[in-house]
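Chemist: The following block contains a protein sequence and its predicted model.
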Amino acid sequence: MGPNNPLTASWARDSDVCLWIGVSCGPRHIRVAALNLPRMGLDGTIPQHMGNLSFLVSLNLRGNAFRGTLPAEMASLRRLPVELRRLGRLRVLSLENNRLTGSVPPEIFNLTGVETLAFTNTSLSGELPKDLCRRLPKLTELYLSWNGFYGRVPEGLGECRQLRVLSLSNNGFSGPVPRGIGNVTTMEMLYLGANNFTGLIPGEIGNLSNLLLLSMERNIFSGPIPNSIFNISSLVSLDLSHCGVSGKLPSDLCSNLPNLVELNLYYNDLYGPIPSSLDKCSKLEALSLRDSNFSGPIPREIGNLTQLKTLRLFHNRLTGEIPRELGKLQQLEQLHLAVNLLTGPIPEEIVNISTLTLLAVTANRLSGSLPMRFGSRLPNLDLISLETNLLSGAIPESISNASKLTYVNLGNNYFSGTVPNSLGNLRLIEHLLLHGNNLKGLSFITSLANCVFLKEFWVHNNPLNDFIPPSIGNLSSILEIMLASNGTIKGGIPSEITNLSSLVQLDLSDNDLAGLLPFELGGLRMLQGLSLARNRISGIIPLSICNLNNLAAFHLSSNQISGSVPECIGNNSVSLRQLYLDSNRLSFGLPSGLWRLDKLLELNLSSNLLNGSLSPEIGSLKAAAFVDFSYNHLSGNIPNAIGDLKNLINFSLAHNSLTGSIPESTGNMLSLEMLDFSHNNLTGSIPSSLAALVYLRSLNLSYNSLAGEIPSGGPFENFTSRSFMSNEALCGAPRFQVPPCQEKSSHIPKDRKNVILAVTIALAISFALIIITLVFFIVKRHGKKLNKVPTEQDSFTTPGRISYLELKRATGNFDKNNLLGQGSFGRVYKGVLENDGPVAVKVFDLEHEGSFKSFDVECEVLRSLRHRNLTKVITSCSNLDFKALVLEYMPNGSLDRWLHSDNCFLDTMQRLNSMLDVARALEYLHCGLQTAVVHCDLKPSNVLLDVNMVSHVSDFGISKMMGEEQSFSHTKTLATYGYIAPEYGLEGLVSTKCDVYSYGIMLMETFSAVRPGDEMFDGKSSLRSWLSDSVRDGIIDRVVDGELLSSEDKFYDDKLRCLCSVMELALSCCADNPEDRIVMTDAVGELEKIKLQFLACSSTRLPVQDPKL
């Protein structure tokens, strides 16, 4: 307690305890009977001596800051017929909203006199005792919500015959809801939401004739809602939202629910018509059936629910017109009908509901004009969204009478005429979105000077055909986003625009703007996105642009900009991700500051007049994925440093005057998909290293002076003559339409042949004698050494290997503290080598059957592999008694750890990148080698992450190398349950399709954070079937990891579509028939498309959906 706490003065040692604040004493024994200290600012741990208060009847400590574990001594607050004889009388124990840890001590459940037990939001965990009701026979209220309890709810809960309140929501309870709960007929409030309950909702709940509130939302139930629930006439609130139920609602839904005030059934697979009997729930105030599959018209009978305040029917398939009868709902505050198939006009009766605060009919097929008095009788309206309909006509002047509006979205309709100046009377407006209409003129901007809270202003995709008035500088000082692209705006950019000091995004692209770039743009220090592309802007890029330290995207393409690229552009190295200056008149050389943009992702300087050479510093653009210098006047050699651009996907130097040869280091650009060096003066041969670029899909080396053989391996198998046109000295395969290469002469003089033959025979005899001698000594020593601990002498190492003693020192004598993990064939330790730093040491358990073969297989496979997404083997140590591989150390551990540990988290982009890494590794194993390799045990624990969070596939202990003529092989099944392809598990049939199946399962696990072996899956269901059903039913948001999506995200729908594409790809990997599964090359392409889509809806580009709905 602090000095200002009222308890400090009250709880004086020399005063009567019974007079202390929060303390009550019994009238008979003058002993402490109650401690009621809620929200008194207490902290520390709950003292063990609390158990000495043997007459305590009520203990209320909720809303404080207690921490630590719950002392078992509190169980002394009861009658104990043992030596303590404390004869406690505790009836109420409330510790809500504290920061306790651990589980509830078992002794607490021996407080036989307790009636109320309240542990809400205390961070406690553990399972409930099966005999809870027998141990707490007088229990009437049990509050355990917002904790970490798990396991099954005891079936014996039905024995708590006096229980009135049961609150178990927001925990980790699983399994079915016990049917015995229907025996607790005294129950009034039942909270089971936000758990992992499965199975059917028990119909026995319908026996709870006194139930007032039933909350079972956010669970994983299946099947229909039991009709018996709709017969609980006492119900006031029913919440079964987002819980997996399906089927149709009964036509007499409300016949026996006369007291129902709140009905939430949203986010389920409910379908069919909305029952017209809803009007019999005459006391209903809140109705939410959103995000389901309801169809047919909106029942006119809903207009009889005169108490209704909230009506949410959005994201269904409702048809017909909006019933005029809804205008009778004179207490309605929120009307949300977005994303349906509604037609016809907006009824005038609707806009006469004076209590409305929200009106949203986005994404329907509504037509006609808005009522002339629209807004006149909506004094409380806060949000209106009419986006994406077929509405037309003028925007009514009367809309400004809705003076409390903060959000107006009229976008993507057919509104025409000028925007009324009366919008300036909306003094509280924050978001004004008028995009995608037929509106003209910008003079109304002057009136918006009164809108001092304006944050977003969208007028793009309108035929505005006007000048930007200087009064734009009078707009709100907190304006963050202004989008005015594709509006035929003409004239210059007024310097007054730089008064908008809070601007984060400014898009004036695709207009007819001319003149110079205002130097004052450099004053917009908060700017992150600036797009002025496709205008007629001229002059130079002002140096003040370099002052925009937060600028992430700068698009100035297709203008008439001249001069040089500013040297100071390197000042934006921390923030800049996209730089598009293409299709201008920029000249001079490339500034050295350009190479300081080490976080730049996209760079386009094509179609300019740039000259000079490419600096070796180009290698510093290590993050770049897209670089285009084509159609300039660059000369000199292509620097070897381009090999450092390992993340580059698209690279073009076409149509320049470059000379010299193509650097061999080009083969190090492992992510390349498109490479264009055409129309230059390049000479020399095509480097064979390009055959290692396994992702290369497009190559253009035409119109150069290249010579020699065109490589034939790797991606060259898919190229045609179009990649090599007009290189007269090239030769190679006929499909390239070049001459065949001449074979080198193999003639050797006769006398030289005799010498070679003699030397060969002598070497063969010597080699045979050495082998015989070695075999003799090995056989002789084998029996003596079989059970001996390895020594330095035993661990004789060939060059490049490492000794047993070196590994012993590196791992601290294989200390348990250095143990990184344990698998079927051995253990992996962290070690530190003197010269190589940290490594991972995989020690094989030679007593395990198959470990010798596992070591040999892993050595055989890994010695032939080189790929950035495969674990690198540094060296090995092998003799009869000890076998180990020394691997590259991965400091960020396994993907499994990042998916399933409480203290680790990967966002969507990190998960996409990780799974792309794995897909590329598999593509290389399956398609990039002469002999395909099947991993056979792909799972998250076998994917390791390096310091840069790049994923590496590891553990090839049971992998198979397929012969050139083999498409499958038979083997013993050793892979991990849950990830095994059906043909592998049942028949031992191995092919590359087995890895594809495992990859699909791992893709599901990565984006759902649910293991395939989770206890939620019984013999009839699996991760694959669960996800397949969700994709089919359009409820993918229920299976995606909840941490990846927020319903408040502006781009929620776009991101959800991307994640749906991921899950669809996963399912195409997991087809039952191996022939129906996608190949990894196509999987890589699909995942890259998804990644680009996700980047698009996560960047500064325009969102598809309403940012506020």
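Modeler: Received it, and whenever you're ready, just let me know what you need.
Chemist: List the residues that contact the nearest residue to residue 713 once chain neighbours are set aside.
Modeler: In this structure, residue 713 finds its nearest non-sequential neighbour in residue 691, 4.2 Å apart by Cβ to Cβ, 6 or more residues apart in numbering. Backbone N, C-alpha and C define where each C-beta goes, glycine included. When contacts are counted by Cβ atoms under 8 Å, 6 or more residues apart in numbering, residue 691 touches 667, 711-716.
Chemist: Just the buried ones from the residues you listed?
Modeler: 667, 711, 714-716 (16 or more other Cβ atoms under 10 Å).
Chemist: What is the nearest of those to residue 378?
Modeler: Distance to residue 378 across these (Cβ to Cβ) is lowest for residue 715, with 62.4 Å.
Chemist: Per-residue pLDDT of the closest one, please?
Modeler: Listed pLDDT for residue 715 reads 91.
Chemist: again with the one 10 residues further on
Modeler: Among the per-residue scores, residue 725 shows a pLDDT of 92.
Chemist: Please, where are all the helices along the stretch 651-800 of the chain?
Modeler: Along the stretch 651-800 of the chain, counting by DSSP state H, counting those that start in this stretch, helices occupy 750-785.
Chemist: now the chain
Modeler: 6-10, 132-135, 750-785, 804-810, 851-862, 895-900, 908-927, 982-987, 992-1008, 1023-1032, 1052-1069, 1080-1096 (DSSP state H).
Chemist: Isn't residue 233 up against residue 256?
Modeler: Yes. Between residue 233 and residue 256 there is a contact under Cβ atoms under 8 Å: 5.3 Å.
Chemist: And the furthest pair within the contacts of residue 691?
Modeler: So, the contacts of residue 691 by Cβ to Cβ: farthest apart are 667 and 712, at 15.1 Å.
Chemist: lowest average confidence, helix or strand, in this protein?
Modeler: The helix or strand of the chain with the lowest confidence, counting by mean pLDDT, DSSP states H and E, is strand 969-970 at a mean of 42.
Chemist: show me the contacts for residue 189.
Modeler: Residue 189 makes contact with 164-167, 211-213, according to Cβ under 8 Å, 6+ apart.
Chemist: no wait, residue 255
Modeler: Going by Cβ under 8 Å, 6+ apart, residue 255 touches 230, 277, 280.
Chemist: Let me know the pLDDT of it.
Modeler: At residue 255, the predicted lDDT confidence score is 93.
Chemist: Look up how far residue 317 lies from it.
Modeler: According to Cβ to Cβ, to the nearest Å, residue 255 and residue 317 sit 26 Å apart.
Chemist: same question, residue 192
Modeler: 30 Å.
Chemist: and these two? which has more neighbours close in?
Modeler: Legend: neighbour count by other Cβ atoms under 10 Å for residue 192 and residue 317, higher for residue 192 (26 against 13).
Chemist: which ones are touching that one?
Modeler: Residue 192 neighbours (Cβ under 8 Å, 6+ apart): 166, 168-169, 173, 177, 215-216, 219.
Chemist: what's the spacing between the residue lying closest to residue 100 once chain neighbours are set aside and residue 91?
Modeler: Spatial nearest neighbour of residue 100, excluding adjacent residues (Cβ to Cβ, 6+ apart): residue 122 at 4.5 Å. With distances taken as Cβ to Cβ, residue 122 is found 19 Å from residue 91.
Chemist: quick one: which of those two has more around it?
Modeler: Neighbours per residue, other Cβ under 10 Å: of residue 122 and residue 91, the larger number sits with residue 122, 26 against 19.
Chemist: Run a quick check on residue 169 versus residue 190, I expect a contact.
Modeler: No. Under the criterion of Cβ under 8 Å, residue 169 makes no contact with residue 190, lying 9.7 Å away.
Chemist: Please parse the chain into its domains.
Modeler: The chain resolves into domains spanning 614-741, 804-888, 895-1096 when parsed by automatic domain parsing.
Chemist: Among those domains, single out whichever gets nearest to residue 347.
Modeler: Shortest distance between residue 347 and the domains of the chain, using Cβ to Cβ, is found for domain 895-1096: 27.3 Å.
Chemist: I'd like the distance from that closest one to the chain centre, please.
Modeler: Centroid separation for domain 895-1096 versus its chain: 15 Å, with Cα atoms, centre = their mean, to the nearest Å.
Chemist: Contacts only, for residue 507.
Modeler: Residues in contact with residue 507 (Cβ under 8 Å, 6+ apart) are 460, 482-485, 529, 531, 1102.
Chemist: residues near the residue lying closest to residue 723 once chain neighbours are set aside, how many?
Modeler: Leaving aside its chain neighbours, residue 723 sits nearest to residue 699 (4.7 Å; criterion: Cβ to Cβ, 6+ apart). Neighbours of residue 699 under the rule other Cβ under 10 Å: 24.
Chemist: how close does residue 699 sit to residue 117?
Modeler: As for residue 699, its distance to residue 117 is 71 Å (criterion: Cβ to Cβ).
Chemist: And residue 193, how close does it get to residue 619?
Modeler: Applying Cβ to Cβ, the value for residue 193 to residue 619 is 55 Å.
Chemist: Show me which of these two is the more surrounded one.
Modeler: Neighbours per residue (other Cβ under 10 Å) separate residue 193 from residue 619, with residue 193 holding more: 23 against 17.
Chemist: which residues does that one contact?
Modeler: Shown in contact with residue 193 (Cβ under 8 Å, 6+ apart): 169-170, 215-219, 239.
Chemist: For those, which entry has the maximal number of neighbours?
Modeler: residue 216 (26 neighbours).
Chemist: Can you tell me the closest non-neighbouring residue to it?
Modeler: Closest residue in space to residue 216, ignoring its immediate chain neighbours: residue 192 at 4.9 Å, by Cβ to Cβ, 6+ apart.
Chemist: How many neighbouring residues does residue 238 have?
Modeler: When neighbours are counted by other Cβ under 10 Å, residue 238 registers 23.
Chemist: scratch that, residue 672
Modeler: When neighbours are counted by other Cβ under 10 Å, residue 672 registers 25.
Chemist: same thing with residue 145?
Modeler: By other Cβ under 10 Å, the residues close to residue 145 number 23.
Chemist: do the same with residue 382
Modeler: Using other Cβ under 10 Å as the criterion, the residues surrounding residue 382 number 17.
Chemist: now do residue 591
Modeler: Applying other Cβ under 10 Å, we find 17 residues neighbouring residue 591.
Chemist: Now it. Its backbone dihedrals?
Modeler: In terms of degrees, to the nearest 10, the main-chain angles of residue 591 are phi -70, psi 150.
Chemist: Could you list which residues are in contact with it?
Modeler: 564-567, 569-570.
Chemist: Tell me how far it lies from residue 522.
Modeler: Computed as Cβ to Cβ, the residue 591 to residue 522 distance reads 17 Å.
Chemist: Point me to the residue sitting closest to the centre of the protein.
Modeler: Per Cα atoms, centre = their mean, the C-alpha nearest to the average position across the chain is that of residue 908, at 2.4 Å.
Chemist: for it, what are its contacts?
Modeler: Going by Cβ under 8 Å, 6+ apart, residue 908 touches 1007, 1044, 1055, 1058-1059, 1094.
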